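Q: here's a sequence, model it:
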Amino acid sequence: MKPTIKIASSRTPDGNEMVLFRHDEDFFIRVEGEVLMQSRQHESELELARLGCAHLAERRDPRILMGGLGLGYTLRQCLDLVSPTASIKVCELIGDVIAWNRDHLGALNNHPMRDKRVTVKRGDVVELLANGPGTFDAIILDVDNGPTPMTDLGNHRLYGNAGVALCRDALTNKGCLAIWSADPSKAYERTLMRAGLAVRRHRVPAYKGSKSLSRFVWVAAKSKSILPPGGGEPRVKGKKRS
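A: Numbering: from 1, shown residues only. Below is the predicted model of the structure:
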């Protein structure tokens, strides 16, 4: 049996231990002993990019903001979907995650950080949203564990009313917001709708072929016509469709 090897460790903004491990050809990251992400289960990260970039197929120079680098799967899929003249800004809160992708994880996805279309910035994605009204054709968020945080309780700034309003305002009129989550959240759906966004909820497999382990991706836009097909349409409780 091949051993599990500790590659590197860091601390989350809340001070919890975050460790990168390798087992054979697989990598995974644990926070206080709980698996946050792993290379064996990345289908939902790919689907996040597919749903978030579906409306960009005919765009020549789309501008994309990605919150959260993870293991690089969403970035790789996004690069494979958009034009050669696209620009992608990736904002990652934890500097060691950027270093791990550069030094240990790049081969998982053919080194997406080396692509000339990519700019990686260490910091809080909220800061970029606040400085970019009407800037982005797509905003793709895979920050922490979704609206229910695991590594940084401060992420409520992104998933609360103010954060959703920032996302909405940072989108172009034909832009699209896509959000990954480990769990469903009716409260977050209501927050998106209260911000005046059309919303679709997609239940996606955690890994290819999985029928039992699911993740969730919300896709939201100022216009319903921008949204990709499929998914469920959340409704405000007690409100009937017109």
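Q: tell me the mean pLDDT for stretch 96-111?
A: Average pLDDT, stretch 96-111: 97.
Q: and it, what's buried?
A: 96, 97, 98, 100, 101, 105, 106, 108, 109 (16 or more other C-beta atoms under 10 Å). The way it works is simple: take the backbone N, C-alpha and C, and place the C-beta from them, glycine included.
Q: quick one: contacts for the closest residue to residue 133 other than its chain neighbours?
A: Nearest non-adjacent residue to residue 133, counting by C-beta to C-beta, 6 or more residues apart in numbering: residue 169, 5.0 Å away. Neighbouring residues of residue 169 by C-beta atoms under 8 Å, 6 or more residues apart in numbering: 129, 133, 134.
Q: quick one, phi/psi of residue 169?
A: phi -70, psi -30 (degrees, to the nearest 10).
Q: repeat that for the one 10 residues further on.
A: With angles defined as degrees, to the nearest 10, residue 179 shows backbone torsions of phi -130, psi 130.
Q: show me the contacts for the spatially closest residue to residue 54 that is not a sequence neighbour.
A: Spatially, and ignoring its direct neighbours in sequence, residue 54 is nearest to residue 228 (3.9 Å; C-beta to C-beta, 6+ apart). Residue 228 makes contacts with 51, 54, 55, 200, 219, as judged by C-beta under 8 Å, 6+ apart.
Q: repeat the analysis, applying 10 Å as the threshold.
A: Neighbour list for residue 228: 50, 51, 52, 53, 54, 55, 176, 178, 200, 202, 219, 221 [criterion: C-beta atoms under 10 Å, 6 or more residues apart in numbering].
Q: just the ones in helices from these, please.
A: Assigned to helices by DSSP state H, the following of the contacts of residue 228 qualify: 50, 51, 52, 53.
Q: run through the neighbouring helices and strands of the helix or strand bottoming out on mean pLDDT in the chain.
A: Counting by mean pLDDT, DSSP states H and E, the weakest-scoring helix or strand in the chain turns out to be helix 156-159, with a mean of 88. The contact analysis (3 or more C-beta pairs under 10 Å, 6 or more residues apart in numbering; DSSP states H and E) places helix 156-159 against helix 125-130, helix 161-170, strand 171-181, helix 186-194.
Q: can you tell me which residues contact the residue positioned nearest the centre of the chain?
A: Geometric centre of the chain, nearest residue: residue 142, 2.2 Å, by C-alpha atoms, centre = their mean. Contacts for residue 142 (C-beta under 10 Å, 6+ apart) come out as 37, 44-45, 48-49, 52, 66-70, 73-75, 178-181, 217.
Q: are any of the contacts of residue 169 buried, and if so which?
A: The neighbour count (16+ other C-beta under 10 Å) marks residue 129 as buried among the contacts of residue 169.
Q: send the alpha carbons of stretch 76-86 over as CSV?
A: Below are the C-alpha coordinates for stretch 76-86, written out as CSV (Å, rounded to 0.1, in the frame of the first residue of the first chain):
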residue,chain,number,x,y,z
ARG,A,76,-8.2,24.8,-16.6
GLN,A,77,-11.8,24.2,-17.8
CYS,A,78,-12.4,27.9,-18.2
LEU,A,79,-9.3,28.3,-20.3
ASP,A,80,-10.4,25.4,-22.5
LEU,A,81,-13.8,27.1,-23.1
VAL,A,82,-13.0,30.7,-23.8
SER,A,83,-11.3,32.5,-26.7
PRO,A,84,-7.5,32.9,-27.0
THR,A,85,-7.9,36.6,-26.4
ALA,A,86,-9.9,36.2,-23.1
